[in-house]
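J.: Make a model of this:
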Amino acid sequence: MPRNNALPIVYGKYDTPLSPKQEKQFQLWADTYSTPDVNLSDTSNYDMRGYFLENGGKPHKEGDHFVDTYKKPNHITHSSFSQYEPEKGGEWKNSEEDESGTWSFNPSSFQTSSAEQRNNLRQYFEKYEPDSILNIKYKGGTNALN
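T.: Down below sits the predicted model:
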């Protein structure tokens, strides 16, 4: 399943530059803390170098969530909280009406402009965000997936 929502992979433009010493530290960190589910040196849709600098090279544990700050525009859940083209991102919301802690995602029109993108979002949420609600807007309303 594509984790980049069928949008082109962009290297360089959205990658935090590192000094040679920092790059060496980043590579060691990525090699040490990658898990079967998360390859920390994969920067196709997330600026791992920026995340690494922000977190000071702390260990990444399986199941840890990556902040939206470094999601690239081709990340399937790129959001308005990203530092990279936030206007193209969707919006994450935490339920304030109850104490369930349920999260919902309202993708932007940029993220739902094709049937393939909408299908990729549905598949992604079914597999990786099963406890979250995906709200895809259609003419005349929304279609929530939870």
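J.: Can you list the buried residues in stretch 117-124?
T.: Buried residues in stretch 117-124, counted by 16 or more other Cβ atoms under 10 Å: 117-118, 120-121, 124. Heads up, the C-betas are built off the backbone N, CA and C, glycines and all.
J.: Closest one of those to residue 16?
T.: The nearest member of those to residue 16, counting by Cβ to Cβ, is residue 124 at 24.8 Å.
J.: Nearest residue to the closest one in space, please, no chain neighbours.
T.: Once flanking residues are discounted, residue 124 sits nearest to residue 76: 5.0 Å by Cβ to Cβ, 6 or more residues apart in numbering.
J.: quick one: the one you found from residue 110, how far?
T.: 12 Å (Cβ to Cβ, to the nearest Å).
J.: Then residue 69?
T.: With Cβ to Cβ as the criterion, residue 69 and residue 110 are 19 Å apart.
J.: tell me the helices in this structure, going along the chain?
T.: Secondary structure of the chain (DSSP state H): helices at 20-33, 48-54, 115-128.
J.: Just put the buried residues of stretch 117-124 in CSV and tack on distance to residue 101 and pLDDT.
T.: Listed next are the buried residues of stretch 117-124 as CSV, based on distance: Cβ to Cβ, whole Å; pLDDT from 0 to 100:
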residue, distance to residue 101, pLDDT
117, 27, 89
118, 26, 92
120, 26, 92
121, 21, 94
124, 20, 92
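J.: Format the residues you listed as JSON lines; extra columns: distance to residue 41.
T.: JSON lines is the format used below for the buried residues of stretch 117-124 (distance: Cβ to Cβ, whole Å):
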{"residue": "117", "distance to residue 41": "26"}
{"residue": "118", "distance to residue 41": "30"}
{"residue": "120", "distance to residue 41": "23"}
{"residue": "121", "distance to residue 41": "26"}
{"residue": "124", "distance to residue 41": "21"}
